[in-house]
Every structure is written in C-alpha cells, then in structure tokens.
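Take this sequence and fold it.
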Amino acid sequence: MTMRAPEVESIAEDASVAVPPQHRSLGRFFKRLFSTNLDKGRGRIRIIALSFVCLFATINARLIYLGFKPDPQSIRRAAADALSGARPDILDRNGEVLATDVKVMSVFAEPRRIIDKDEATELLTAVLPDVNARELRDRLASRKGFVWVKRGITPKQQQEVYHLGLPGVGFLPENKRVYPNGPIAAHVLGFANLDNVGIAGIEKYIDGQGLADLHNAGLNLTPDGLKPIQLSLDLRLTHGLRDEIAKGIEKYRAKAGAGAILDVNTGEVVALASLPDYDPNNPADALDPLHINRLAVGVYEMGSTFKAISIAMALELNKVTLRSSVDARQSLRFGRFTIHDFHATHRILTVPEVFTHSSNIGTARMALMVGVEGHKAFLKRMGQLDRLRTELPENAEPLVPKRWSELNTMTIAFGQGLNVAPLQALMAVGALVNGGMMMKPTFLKRGEAEAQKDAVRVVRPEVSESMRYLLRLNAEIGSAKLANIPGYYIGGKTGTADKIVHGHYSKDKVFTTFMAIAPADKPKYLILVLFDEPQGLPQDGGYHTAAYNAGAVTGRVIERLGPLFGLPPRFDPPVQPFPLLAKLGYGMANVPAAATHGGH
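As a prediction, this is how the structure comes out:
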C-alpha cells in the first residue's frame with residue numbers, strides 16, 4: 001500500500017493539466033501540415049497554394065474596387081492645375097461692372113474608369129455637338145487620370161450629360177470671365193482664356209501685377225477676396241463715342257475708325273473705341289488683323305495735327321512769337337522735292353495764320369529755324385520718338401527715319417514722315433494745352449494731385465496758352481468750325497495724311513484725324529477722332545479731308561456727350577479766356593480777314 005501512493009498522486013497531477021480536445025486536434029493538424037511525411041505532401045501544397053490564391057484574389061479585387069470607386073478628393077487634386085482661378089472685378093470710374101467672374105460647370109472624364117470609349121464619345125458628342133469627336137476619343141483613350149470634355153457648359157447641357165449615366169464622367173465648378181457690355185471697351189479690357197488667364201489688355205496687366213504668381217502658388221482665391229480694379233474709363237462716354245464712330249464709318253464708308261477722350265489734367269483716358277472691334281466674350285475675333293487697337297497698336301502719319309507740336313516747339317524755343325511772320329508766297333523746294341500748301345495763299349502769313357490756314361510751307365520754315373537736332377530733341381521730350389508705355393501691354397514702336405535730314409525735319413513738321421501711335425500724339429497735345437505738363441496716359445483711375453507727381457514740364461505756361469488760343473481761333477474761323485458746338489467753347493485742329501500705297505503717296509486714300517479741346521480757355525478734355533480711308537460725300541463737295549469727316553463726327557461727340565462731361569454749357573463767351581496773352585498785349589488784331597477752306 002505504501003509503494004502505490006506516489007503513483008496515484010502523479011496520475012492525479014497529470015489529470016489536473018490535461019489539454020482540451022479542441023487544442024489537441026488543432027495541434028495535430030499543424031503537426032501533420034508541417035510534417036515531412038512525403039505521403040501527405042501533395043495535400044499540404046494544395047492547401048497552401050489555395051490560401052495564396054485567395055489572398056491575392058482578395059487584394060486584386062480590392063484594387064479594382066478602389067480603381068473604379070469615385071474619389072472626389074483625388075479628382076480635385078488631378079484637376080487643380082486645370083481649374084480656372086478667380087479674377088478681380090474690373091469697374092469703370094463710376095463703379096459699373098466691366099468684367100467679372102461667374103461660376104459655371106465643366107464636364108470632365110476619368111479615362112481609366114470609362115469601359116467603352118467609343119460609346120462614351122458618341123453619347124457625349126450627341127449632347128455636346130461642338131465637341132470634336134476625334135479629339136475627345138483620343139483624350140478618353142489616354143492613360144491620364146483626368147481630362148476635360150468641355151468647359152463652361154449650360155445648365156441644360158449639364159442635365160443632359162448627367163442623364164447619360166456614364167461612369168467616369170462628372171462635373172466640376174470653375175470660374176468663367178464674362179464681359180456684360182460686350183464689345184464696349186474691348187480693346188482696353190482685353191480678355192481672359194478658358195483657364196481665366198489674362199491674354200490681352202487690362203486683363204493681362206492684372207496678371208502681371210502679381211495675380212498669376214498667386215495662382216501659381218496654389219492659393220485658393222475667390223472673387224470676393226480680391227480687390228476690384230477701377231479703371232479711368234467712363235462706360236457712358238465710351239458707349240457714346242463708339243456709337244458715333246460706328247455711324248461715321250458707315251456714313252463716310254471708311255475702312256476703320258477710332259476715338260479717345262483724355263482728361264488733360266490727370267492723363268486719364270476716360271473713353272476709347274477702335275472699330276472694327278470684337279466681343280471679349282468670344283475673343284476668337286480678336287485675332288483678326290483688322291480688329292487691332294488703332295490708337296495704341298497702329299502707327300500712322302498724323303497729318304496736320306502735328307503742326308500744333310511744331311508751332312509750340314518754335315514758340316517754346318523763342319524762334320517765333322504770335323506776331324512773327326513766315327513767308328509762304330512760294331512753294332518750298334529741297335533738292336528734287338517740293339513742299340506746297342493744300343490751299344495756297346501765296347503771301348506772307350502770321351503765325352496764327354500758318355495754323356488756321358494749315359500751311360505746310362509756314363510750318364516747315366519754323367521747323368528749319370529750330371534745326372534738325374533741336375527738332376529731334378523736342379519731339380523726344382514730347383514722347384514722340386519712343387514707344388509709349390501704358391497699362392495696356394499692346395503698344396507699338398514709332399517709325400522714325402533712320403537718317404534724319406533737313407527734309408525729314410520739314411515734312412515731319414507738318415505730319416509726314418514720322419509714324420506714331422495716335423495715343424502718344426494725344427499725350428503730346430494734352431501737354432500743350434494743360435499748362436505745359438507732360439503726363440503719360442493711364443487707364444487706371446487717379447486724381448490730379450497723383451498725376452502731377454510724375455508730370456514733367458515740356459513747355460512754358462504762356463506757350464500752352466498760346467496753343468489754346470490758336471486752337472480756339474481755328475474753331476472760329478479755320479478748319480475746326482464743324483466741331484464748334486455752341487456752349488462748349490472748343491478749340492481744334494484737323495489732320496489729313498495721304499496714305500502710302502506701293503511706296504508712293506496716294507491722293508485717293510487718306511488717314512484723317514481731328515483733335516478738339518473743351519473748353520479752350522480752361523481745358524478739361526481732349527477728344528481725338530480718326531478715320532482710315534473715308535470717302536467724300538456729294539453734299540461736302542466730294543472732299544474727304546478731316547474737317548468733313550473726323551471733324552464733323554467730333555462735333556457730334558461733343559454735342560451728344562457734352563452733358564456727361566460735367567461741363568455745363570456756357571452760351572456767353574468767357575470775358576478773358578487767355579489772360580497771359582492779354583498781359584503780353586496779344587489780341588485779335590492778327591486774326592486773318594477770311595476763313596480758310598478745305599479742312600486739311
């Protein structure tokens with residue numbers, strides 16, 4: 001009995017730690033699985049292989065699911081570079097909207113999710129007929145994760161595309177630039193492309209001021225967070241000016257026409273129109289060479305309007321005074337060239353008569369008094385020999401003679417032989433009438449104090465007053481009479497330049513210009529109107545010179561827009577319009593006895 005007790009105790013102890021049946025079965029399974037028994041190896045290999053097949057099948061199924069599952073965040077990341085950025089509103093000087101952003105929907109596609117490319121192409125082009133089927137098919141066949149189908153669709157098109165139910169086709173909201181006034185001020189505003197990037201005009205200027213850098217940095221800009229750009233333009237004046245020029249083109253059967261209104265005391269361009277123009281909402285027409293901005297991109301011989309600069313030069317350099325006389329009895333010969341007057345008087349002319357008769361001979365003689373180098377220096381001071389830089393990126397370089405001789409000085413004096421942008425000629429005349437201060441034209445709103453900071457004196461105040469006197473005199477008895485609207489005391493000058501055709505000056509094709517100041521005693525606005533190849537009318541005696549077209553239209557512009565100028569009509573002439581000249585003893589004694597004719 002004593003020998004069996006430990007054995008019984010040991011048996012009891014083993015029973016207390018017995019392994020559960022299920023654990024023993026699992027252990028035996030893994031033991032057999034990893035056993036090296038060759039008889040059972042085939043079964044184990046099948047089981048392991050099946051396990052790996054199931055594992056990889058699960059992974060692949062998950063990848064396929066993720067590939068076809070729409071992920072808005074990834075779509076937006078892929079479209080981040082393609083989405084158009086916000087742009088600030090552009091306003092006129094009175095706060096009227098000239099350009100703004102609107103939200104539109106655009107259709108995109110994820111080529112990897114589209115199963116049948118041909119069917120998708122067929123269905124989408126049926127709903128969006130202006131989409132090129134071949135190009136769309138190529139985009140859908142690409143390996144890209146994101147492509148555009150069409151930008152800026154209508155709500156109706158969005159619904160039609162939505163009801164197609166195509167997987168891999170969706171919509172994204174983006175900004176689209178719109179111009180509520182159509183072609184009005186198109187050449188100033190320019191336009192933005194589908195990506196809302198400025199391509200021309202003020203739109204391109206805005207990008208150059210840092211907007212493009214902000215977009216490239218990835219900043220999420222909204223129109224509400226951008227300060228509007230306020231222009232110097234007045235929408236009402238621009239509309240009226242454009243309308244009158246359009247009527248003038250039709251009436252005189254001109255090839256083109258343009259006009260601008262400049263505030264001579266601030267340098268602000270308050271109106272600009274160049275026809276034919278284009279609608280920036282559909283900017284494809286902007287590529288037509290006929291649709292250029294003729295005031296900034298075109299360069300022309302400005303004709304007799306340049307005589308204002310030449311006479312001011314002679315007065316400023318003390319070569320003549322208003323009492324001086326110039327010999328215009330005979331044509332002026334230089335080598336094999338002869339300079340003659342359009343309406344010759346064959347007599348000695350006073351300086352005011354040279355201006356009112358628009359004498360080429362008299363003006364050329366005054367330029368010769370100054371000399372070639374002095375002439376070039378004065379024109380450079382007046383900004384006529386260098387490219388004019390404004391906020392508009394489109395500015396043409398003037399065409400200056402390579403070899404400047406005395407003959408060039410004589411012809412340039414009366415507006416022949418130097419091609420400039422009309423806007424820079426307008427700048428020069430503005431300085432001649434505002435007291436003598438040159439300031440670059442601007443398309444941004446600014447005050448007089450700000451404008452004076454960068455202004456440069458180019459002529460003495462008494463010379464400026466002399467030019468205002470001559471311009472007013474020309475409106476009373478000279479070629480500017482058709483623009484002499486009662487109540488506005490205007491002054492003006494015509495300019496008719498024969499166009500060069502096949503290397504020679506044509507007598508049938510002309511480029512006409514007219515500049516007018518209002519009012520002449522204290523100018524506020526300088527108005528420019530020009531026509532390219534206007535035709536004479538029977539009621540005007542067949543004349544196609546500037547007085548009968550550009551001058552007449554300028555008169556209608558003043559008559560129509562005068563109430564909007566902020567200049568109340570004065571039907572009684574000012575008591576002392578030219579006080580500096582009165583102190584110097586100048587009166588009306590040197591006024592020609594008879595009016596001039598022809599309006600050259």
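
List the contacts of the closest residue to Pro155 other than its chain neighbours.
Leaving aside its sequence neighbours, Pro155 sits nearest to Met105 (C-beta to C-beta, 6 or more residues apart in numbering; 7.7 Å). (Each C-beta comes from the backbone N, C-alpha and C, glycine too.) If a contact means C-beta atoms under 8 Å, 6 or more residues apart in numbering, then Met105 has Gly152, Ile153, Pro155, Gln158, Phe171, Leu172, Pro173 as its contacts.

part of a strand, is Met105?
Yes. The assignment for Met105 (DSSP: H, G, I helix; E, B strand; the rest coil) places it in a strand.

Just list whatever residues bridge to it.
Ile153, Pro173 (DSSP bridges).

what two of the contacts of Met105 are the furthest from one another?
Pro155 and Leu172 (14.8 Å; C-beta to C-beta).

Give me the more crowded residue out of the two.
Using other C-beta atoms under 10 Å, the more surrounded residue of Pro155 and Leu172 is Leu172, with 18 against 9.

Kindly state the pLDDT recorded for that one?
If you check Leu172, the pLDDT there is 91.

And for the one 3 residues further on?
Note on Asn175: pLDDT of 88.

repeat for Val501
Looking at Val501, the pLDDT reads 86.

Identify the residues contacting it.
Lys509.

And the one 4 residues further on, by the same measure?
Tyr505 makes contacts with Asp498, Lys499, as judged by C-beta under 8 Å, 6+ apart.

Convert the C-alpha atoms of the helix or strand hosting it to PDB, please.
Secondary structure from DSSP states H and E places Tyr505 in strand 504-518. Taking only C-alpha atoms (Å, rounded to 0.1, in the frame of the first residue of the first chain), the coordinates of strand 504-518 have been written out as PDB:
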ATOM      1  CA  HIS A 504       4.000 106.300-103.100                       C
ATOM      2  CA  TYR A 505       1.600 108.700-101.500                       C
ATOM      3  CA  SER A 506      -2.000 108.200-102.700                       C
ATOM      4  CA  LYS A 507      -4.300 111.100-103.400                       C
ATOM      5  CA  ASP A 508      -7.400 108.900-103.100                       C
ATOM      6  CA  LYS A 509      -6.700 107.100 -99.800                       C
ATOM      7  CA  VAL A 510      -6.200 109.300 -96.700                       C
ATOM      8  CA  PHE A 511      -6.000 108.900 -93.000                       C
ATOM      9  CA  THR A 512      -7.900 111.700 -91.200                       C
ATOM     10  CA  THR A 513      -7.600 112.900 -87.600                       C
ATOM     11  CA  PHE A 514      -9.200 115.600 -85.500                       C
ATOM     12  CA  MET A 515      -8.300 116.800 -82.100                       C
ATOM     13  CA  ALA A 516     -10.500 119.100 -80.000                       C
ATOM     14  CA  ILE A 517     -10.200 120.600 -76.500                       C
ATOM     15  CA  ALA A 518     -13.200 121.600 -74.400                       C
END
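
If you count neighbours, what's buried in that strand?
Buried positions in strand 504-518, judged by neighbour count with 16 or more other C-beta atoms under 10 Å: Lys509, Val510, Phe511, Thr512, Thr513, Phe514, Met515, Ala516, Ile517, Ala518.

Just the mean pLDDT for it, thanks.
The model assigns strand 504-518 a mean pLDDT of 93.

same deal with stretch 578-597?
Per-residue pLDDT over stretch 578-597 has a mean of 63.

ranges for the strands of the stretch 251-400 of the chain?
256-263, 269-275, 300-301, 325-328, 332-334, 337-339, 347-350 (DSSP state E, counting those that start in this stretch).

Of the ones you listed, give the one that comes closest to Asn318.
Relative to Asn318, the nearest member of the strands of the stretch 251-400 of the chain by C-beta to C-beta is strand 325-328, separated by 15.2 Å.

Retrieve the pLDDT associated with Gly152.
Note for Gly152: predicted pLDDT of 89.

what's the spacing between the residue lying closest to it once chain neighbours are set aside and Tyr278?
Spatial nearest neighbour of Gly152, chain neighbours left out: Val104 (4.5 Å); criterion: C-beta to C-beta, 6+ apart. Separation of Val104 from Tyr278 (C-beta to C-beta, to the nearest Å): 21 Å.

Great, nothing more from me.
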